[in-house]
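Undergrad: quick one, structure for this:
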Amino acid sequence: MFNLGTGEIILILLIILIFFGAKKIPELAQGLGRGLKEFRKAAKDIQEDISLDERKSDEKK
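TA: Numbering: from 1, shown residues only. Just a heads-up that it's a prediction; the model follows:
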(Lines give C-alpha, C1' and ligand atoms only; values in the text may rest on other atoms or scores of the structure.)
Protein backbone atom coordinates (compact mmCIF):
# COMPACT_ATOMS: atom_id res chain seq x y z
CA MET A 1 0.00 0.00 0.00
CA PHE A 2 2.52 2.60 1.14
CA ASN A 3 6.19 2.28 0.40
CA LEU A 4 7.79 4.34 3.14
CA GLY A 5 11.54 4.37 3.43
CA THR A 6 13.56 5.08 6.53
CA GLY A 7 13.94 8.75 5.60
CA GLU A 8 10.19 9.28 5.27
CA ILE A 9 9.48 7.55 8.58
CA ILE A 10 12.06 9.68 10.39
CA LEU A 11 10.61 12.83 8.81
CA ILE A 12 7.08 11.87 9.91
CA LEU A 13 8.29 11.16 13.46
CA LEU A 14 10.08 14.52 13.62
CA ILE A 15 6.95 16.34 12.44
CA ILE A 16 4.88 14.54 15.07
CA LEU A 17 7.46 15.41 17.73
CA ILE A 18 7.46 19.08 16.75
CA PHE A 19 3.68 19.26 16.41
CA PHE A 20 2.73 17.52 19.66
CA GLY A 21 5.83 17.93 21.80
CA ALA A 22 7.75 15.27 23.69
CA LYS A 23 5.41 15.29 26.71
CA LYS A 24 2.24 14.60 24.72
CA ILE A 25 3.53 11.64 22.70
CA PRO A 26 3.26 9.08 25.57
CA GLU A 27 -0.28 10.28 26.28
CA LEU A 28 -1.20 9.89 22.61
CA ALA A 29 0.30 6.40 22.51
CA GLN A 30 -1.65 5.40 25.64
CA GLY A 31 -4.87 6.68 24.13
CA LEU A 32 -4.18 4.83 20.89
CA GLY A 33 -3.45 1.64 22.85
CA ARG A 34 -6.70 1.94 24.81
CA GLY A 35 -8.64 2.55 21.62
CA LEU A 36 -7.15 -0.51 19.93
CA LYS A 37 -7.86 -2.62 23.02
CA GLU A 38 -11.52 -1.52 23.06
CA PHE A 39 -11.84 -2.12 19.31
CA ARG A 40 -10.45 -5.65 19.61
CA LYS A 41 -12.76 -6.39 22.54
CA ALA A 42 -15.79 -5.14 20.61
CA ALA A 43 -14.81 -7.18 17.54
CA LYS A 44 -14.40 -10.28 19.71
CA ASP A 45 -17.80 -9.70 21.35
CA ILE A 46 -19.49 -9.35 17.97
CA GLN A 47 -17.79 -12.49 16.70
CA GLU A 48 -18.95 -14.41 19.79
CA ASP A 49 -22.52 -13.14 19.31
CA ILE A 50 -22.55 -14.28 15.69
CA SER A 51 -21.16 -17.67 16.66
CA LEU A 52 -23.80 -18.04 19.39
CA ASP A 53 -26.58 -17.10 16.95
CA GLU A 54 -25.29 -19.67 14.46
CA ARG A 55 -25.30 -22.39 17.12
CA LYS A 56 -28.84 -21.49 18.16
CA SER A 57 -29.93 -21.57 14.53
CA ASP A 58 -28.36 -25.01 14.03
CA GLU A 59 -30.08 -26.35 17.15
CA LYS A 60 -33.52 -25.27 15.84
CA LYS A 61 -33.05 -27.23 12.60
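
Undergrad: run through this structure and note the low-pLDDT ranges.
TA: In the predicted model of the chain, residues 1-2, 61 satisfy pLDDT under 70.

Undergrad: who are the packing partners of the longest helix seen in the chain?
TA: Ranked by residue count under DSSP state H, the longest helix found in the chain is helix 24-60. For helix 24-60, the packing partners by 3 or more CB pairs under 8 Å, 6 or more residues apart in numbering; DSSP states H and E come out as helix 6-20. For every residue, glycine as well, the C-beta is placed using N, CA and C.

Undergrad: the longest helix of the chain to helix 6-20, inter-axis angle?
TA: 110 degrees (axes from the mean of the first three to the mean of the last three CA atoms, to 10 degrees).

Undergrad: tally up the residues packed near residue 25, please.
TA: 14 (other CB atoms under 10 Å).

Undergrad: what about the residue nearest the centre of the chain, distance to residue 12?
TA: Centroid check for the chain by CA atoms, centre = their mean gives residue 36 as the closest residue, at 3.4 Å. Distance of residue 36 to residue 12, given as CB to CB, to the nearest Å: 19 Å.

Undergrad: do the same with residue 40
TA: Distance, residue 40 to residue 12, using CB to CB: 25 Å.

Undergrad: then residue 35?
TA: Separation of residue 35 from residue 12 (CB to CB): 20 Å.

Undergrad: likewise for residue 60?
TA: Distance of residue 60 to residue 12, given as CB to CB: 53 Å.

Undergrad: name the residue in those two with the higher neighbour count.
TA: Relative neighbour count places residue 12 above the other of residue 60 and residue 12, with 11 against 5, counting by other CB under 10 Å.

Undergrad: secondary structure class for the residue lying closest to the more buried one once chain neighbours are set aside?
TA: Once flanking residues are discounted, residue 12 sits nearest to residue 4: 7.8 Å by CB to CB, 6 or more residues apart in numbering. Three-state call for residue 4 (DSSP: H, G, I helix; E, B strand; the rest coil): coil.

Undergrad: what is the burial count for residue 4?
TA: Count around residue 4 with other CB under 10 Å applied: 10.
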